[in-house]
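>>> predicted model follows, preceded by the sequence.
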Amino acid sequence: MSIPGAIVGGLIAALVDLSHPGKYVHWGVIQISVANLVVIGLMLVVFVLAILLPFPHSRPKR
Amino acid sequence: MSATGTGTPGSPTVEEPVWVSERTTWTGRLRRRAVGALPPEKLLPDTQPAYVASWVYIFGALSLGALAVVVISGAVIALSGPAWWHVSAAGHFVNSLHLWSTELFFFFMVIHLWAKFFMAAWRGKRRLTWVTGVLAFVFSIATAFTGYLSQQNFDSEWIGTQAKDGINSTGAGAFWNVLNFGQMLMWHILLLPLVISVFIGLHVLQVRRRGVVPPFAEGGPLSRLASVTVPEPAEVREPEIVPPVPTAGATEPAIVPPVPTAEVEP
């Protein structure tokens, strides 16, 4: 691996350490990985933002 | 199929008028029907209704963009085979592109699904738009699963051995063997993408034909309005350019285009 690649890879690895078994959340019969839970949370956030944020208008209405 | 008329032997061949061949040939009938259902201005519109100017309407297009990256990166992987990413940095990069574009594809598609669900996007004769979208989603999930089985590593072996009992319990194991790498790879790169392409193609054509579903009308309860066809609001249009009226051929029998049936209940 190149030196810049190794640096970037090291930085990302420092941010998110994936060298361990996945973490899971248990809630009764429901079991879901933390990674999937984070993705679902992100989808909800993006969905709400897409509704609330104003859409830019590139040209005036006639 | 014939372009000429019924001239008797020895007599000069009479050209059959175009409007006749459009009704007597299957190609002509198919063309008239296709153009009637999807005229060019509907197929490739240059304006959209004003209500589409919202971020929540972009997730269908984002899903298509992510899918394009999925297909292109998958095609590049196919050049060197599914094991390429184990032995090459370039292969690893393209494989990561394939994985993360798939993640984005599902990310955008699920938000698109939520948005269209809460808009009750099946209103106004848009049932087929909804159904083709659901089918595209379901077959995309199957394609993703067969992709996991095509990784050629311990993960794919683990998933295959975990999945086989579930698949066998449904009876589908007789023809769908998740431990058969060749079969799963061909489903992943040929059969399922073909099915997805058909459903997404039909989905986009339905969106073009019926238009983007309008918002609920103001002032009424959603449950009552969900079954009512809301009139399309006025579009923001460019000034129209009126073409010159043709004068030649005015006496020929005119072909009256069929009335658009987009808003007519079958």
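Yes, it's here.

>>> and residue 53, what's its pLDDT?
Chain wasn't specified; assuming chain A. We have a pLDDT of 95 for residue A:53.

>>> actually it's chain B I care about, not the one you picked
92.

>>> residue B:20 now?
75.

>>> and it, what element?
If you go by DSSP states H and E, residue B:20 is part of helix B:18-24.

>>> roughly how far out does that helix sit from the chain middle?
Centre-to-centre, helix B:18-24 and its host chain are 30 Å apart (C-alpha atoms, centre = their mean, to the nearest Å).

>>> other SSEs contacting the next helix-or-strand element following that helix?
Beyond helix B:18-24 in the direction of the C-terminus, DSSP H and E gives the next helix or strand as helix B:26-37. Packing partners of helix B:26-37 (3 or more C-beta pairs under 8 Å, 6 or more residues apart in numbering or on different chains; DSSP states H and E): helix B:18-24. Where C-beta positions appear, they are placed from N, C-alpha and C, glycine not excepted.

>>> buried set for the helix it packs on?
For helix B:18-24, the neighbour count (16 or more other C-beta atoms under 10 Å in any protein chain shown) marks residue B:21 as buried.

>>> can you pull out the low-pLDDT segments for the stretch 151-266 of chain B?
Counting by pLDDT under 70, the stretch 151-266 of chain B contains low-confidence ranges at B:220-266.

>>> what about the helices in it?
Secondary structure of the stretch 151-266 of chain B (DSSP state H, counting those that start in this stretch): helices located at B:154-170, B:181-186, B:192-210, B:222-225.

>>> cool, and chain A?
In chain A, the helices defined using DSSP state H lie at A:3-15, A:34-52.

>>> any weak-confidence spans in chain A?
A:1, A:12-14, A:58-62.

>>> where does pLDDT dip in the stretch 1-150 of chain B?
Looking along the stretch 1-150 of chain B with the criterion set at pLDDT under 70, you get B:1-16, B:18.

>>> what parts of it come near chain A?
Within the stretch 1-150 of chain B, the positions adjacent to chain A are B:50, B:53-56, B:58-59, B:89, B:103, B:107, B:110-111, B:114-115 by C-beta under 8 Å from any C-beta of the partner chain.

>>> so which two of the residues you listed are the farthest from each other?
The most widely separated members of those are B:50 and B:89, with 48.8 Å between them, by C-beta to C-beta.

>>> and the residue of chain B found nearest chain A, how many neighbours?
Using C-beta to the nearest C-beta, residue B:55 is the residue of chain B that sits closest to chain A, at 4.0 Å. For residue B:55, the count of nearby residues is 17 (other C-beta atoms under 10 Å in any protein chain shown).

>>> who's the closest spatial neighbour of it, skipping the chain neighbours?
residue A:50 (4.0 Å; C-beta to C-beta, 6 or more residues apart in numbering or on different chains).

>>> equivalent analysis for residue B:58, please.
residue A:50 (7.5 Å).

>>> contacting residues for that neighbour?
Applying C-beta atoms under 8 Å, 6 or more residues apart in numbering or on different chains, one finds that residue A:50 lies in contact with B:54, B:55, B:56, B:58, B:59, B:111, B:115.

>>> just the helices of chain A: most buried one?
helix A:34-52 (a mean of 13; mean count of other C-beta atoms under 10 Å in any protein chain shown).

>>> keeping just the C-alphas, turn it into PDB.
Provided in PDB are the C-alpha atoms of helix A:34-52 (Å, rounded to 0.1, in the frame of the first residue of the first chain):
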ATOM      1  CA  VAL A  34     -25.400  -1.400  16.000                       C
ATOM      2  CA  ALA A  35     -24.200  -0.700  12.500                       C
ATOM      3  CA  ASN A  36     -27.600  -1.300  11.000                       C
ATOM      4  CA  LEU A  37     -29.300   0.700  13.800                       C
ATOM      5  CA  VAL A  38     -27.000   3.600  12.900                       C
ATOM      6  CA  VAL A  39     -27.900   3.400   9.200                       C
ATOM      7  CA  ILE A  40     -31.600   3.400  10.000                       C
ATOM      8  CA  GLY A  41     -31.100   6.400  12.300                       C
ATOM      9  CA  LEU A  42     -29.300   8.200   9.500                       C
ATOM     10  CA  MET A  43     -32.100   7.400   7.100                       C
ATOM     11  CA  LEU A  44     -34.600   8.900   9.500                       C
ATOM     12  CA  VAL A  45     -32.500  12.000   9.900                       C
ATOM     13  CA  VAL A  46     -32.100  12.500   6.100                       C
ATOM     14  CA  PHE A  47     -35.800  11.900   5.600                       C
ATOM     15  CA  VAL A  48     -36.800  14.600   8.100                       C
ATOM     16  CA  LEU A  49     -34.200  17.000   6.800                       C
ATOM     17  CA  ALA A  50     -35.500  16.500   3.200                       C
ATOM     18  CA  ILE A  51     -38.900  17.500   4.300                       C
ATOM     19  CA  LEU A  52     -37.900  20.500   6.400                       C
END
